[in-house]
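Participant: What follows is a protein structure lacking sequence information:
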Ligand code: PLP
């Protein structure tokens, strides 16, 4: 079918070839061309494509029942997946609510926080502070928390207009502070914002522990995380970790929060949680939050497909596969190999201004000047051009150009967590070749 004959519309007309099949870290188009899935789709396919054991478990569930409405039946897949999820969480996060995607998870986290505040006699707590840049989803509520103008401007004004604080993009700072002091400085900006809003009005702070597409795998200095937790506790503000991208092992721990020993009040997950085998997400919170809501008549929220047995069977199979293959540990190990490769790219190309990330959520950023971190000229269109050059060579990576807060074109490299060291070397050889071609084209 030609592109002209397509009835679909997405962000733009879709010039891509038809997908035929997936296998491990690879995708194949209908012409038989092979692609390394260097971004796991959109940081989704954590266990790789078409895992036969997972497919068999999904098929077994399909043969029994594909749908049973959660208010009509309990199902073993949803109960078992909830139990498994809790077993992988930090202590204290022991109640699970399923959804079908990341935006739904973020919406659900905020609504749970709101209903909890109501049970505490604090209905005036409604403000949710988030960061700029950030990405929390594209439904109106999640979009209002998102700090990324190109996605917000077409729909402004937002429903509520929630306050934002700067994301800790310390790699752009040119002060004389230590990294520790910088982390604390950004945390204090949150404190200032809470005070300015009136702490009695502030419900929650939402953050991606490691940034995703909008910041390019931004990691804050270690000092930031603990101080943010303290500040939230000081004012009774709930701390929501949006682990939609980072959760389910992507950063080398099951939750990114574990890197800093943080227990958030609510965690939102999706992407790698269903790993592309089913549209699936979850919020996880503690009894402390959930029991008062249940006592008050229950969480007044829920999507039709939430907790359906087919998606939950897929999610359970994914988590079992992750455990059996030790994929969280592999993400940590391979993340080091990948980061070393990215660092050597940075040594080679002066227009790579920064490499960063955690585990297998990594990024590199193009600049015109490493000292000032000024971005490359917009006209070079680096963020689309390099992706095209890599795609032509059989490698998929993910890119964005962000205005404000981060400096420009950045590229996420986030392969499936099953990737091996030789496969990382293959992937990086293609990437190097694409960057070389870009450098020549752009005259860099
Ligand atoms: N939150 C984060 C951190 C994300 O990266 C994303 C998606 O990229 C979302 C929320 C929204 O997820 P979805 O696209 O599944 O609605």
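Facilitator: Received the coordinates, thanks. These numbers come from a predicted model, not from an experiment.
Participant: Residue 300 and residue 116 touch, don't they?
Facilitator: No - if you go by CB atoms under 8 Å, residue 300 and residue 116 don't touch, sitting 11.8 Å apart. For every residue, glycine as well, the C-beta is placed using N, CA and C.
Participant: Same drill for those two, tell me which one is more crowded.
Facilitator: Counting neighbours by other CB atoms under 10 Å for residue 300 and for residue 116 shows that residue 116 has the greater number, 25 against 11.
Participant: Do I have it right that the more buried one meets residue 236?
Facilitator: No - with contact defined as CB under 8 Å, residue 116 does not reach residue 236; the gap is 11.1 Å.
Participant: Kindly provide the distance from residue 277 to residue 137.
Facilitator: 21 Å (CB to CB, to the nearest Å).
Participant: er, residue 189 actually
Facilitator: 23 Å.
Participant: Looking at these two, which has the bigger crowd around it?
Facilitator: Just comparing residue 189 and residue 137: by other CB under 10 Å the higher neighbour count belongs to residue 137, 23 against 14.
Participant: and the residue of the chain found nearest the ligand, what is it in contact with?
Facilitator: Nearest residue of the chain to the ligand (CB to the nearest ligand atom) works out as residue 102 at 2.1 Å. Residues in contact with residue 102 (CB atoms under 8 Å, 6 or more residues apart in numbering) are 136-137, 142, 242, 244-245, 268, 270-271, 281.
Participant: which ones are touching the closest residue to residue 408 other than its chain neighbours?
Facilitator: Distances taken as CB to CB, 6 or more residues apart in numbering place residue 375 nearest to residue 408, at 2.7 Å, with adjacent residues excluded. Shown in contact with residue 375 (CB under 8 Å, 6+ apart): 366-368, 401, 407-409.
Participant: Reformat these as CSV; add distance to residue 347, secondary structure and pLDDT.
Facilitator: Shown next, in CSV, are the contacts of residue 375 (distance: CB to CB, whole Å; DSSP: H, G, I helix; E, B strand; the rest coil; pLDDT from 0 to 100):
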residue, distance to residue 347, secondary structure, pLDDT
366, 15, strand, 95
367, 15, coil, 93
368, 18, coil, 92
401, 24, strand, 85
407, 20, coil, 63
408, 20, coil, 82
409, 19, strand, 92
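Participant: helix/strand/coil for the residue lying closest to residue 50 once chain neighbours are set aside?
Facilitator: Distance criterion CB to CB, 6+ apart; nearest residue to residue 50, sequence neighbours excluded, is residue 22 at 4.9 Å. At residue 22 the chain is in strand, as set by DSSP: H, G, I helix; E, B strand; the rest coil.
Participant: Verify the contact between residue 438 and residue 381 for me.
Facilitator: No - shown here, residue 438 and residue 381 do not form a contact pair, counting by CB under 8 Å, at 10.3 Å.
Participant: The two - which one has more neighbours?
Facilitator: Using other CB under 10 Å as the criterion, residue 438 and residue 381 rank with residue 438 on top: 21 against 14.
Participant: name the element that one belongs to?
Facilitator: Element membership for residue 438 (DSSP states H and E) is helix 421-442.
Participant: Next, the contact list for the nearest residue to residue 89 once chain neighbours are set aside, please.
Facilitator: Using CB to CB, 6+ apart and skipping residues adjacent in sequence, the residue nearest residue 89 is residue 284, 5.7 Å away. Residue 284 makes contact with 85-86, 89, 93-97, 266-267, 269, according to CB under 8 Å, 6+ apart.
Participant: Right, I'll leave it there.
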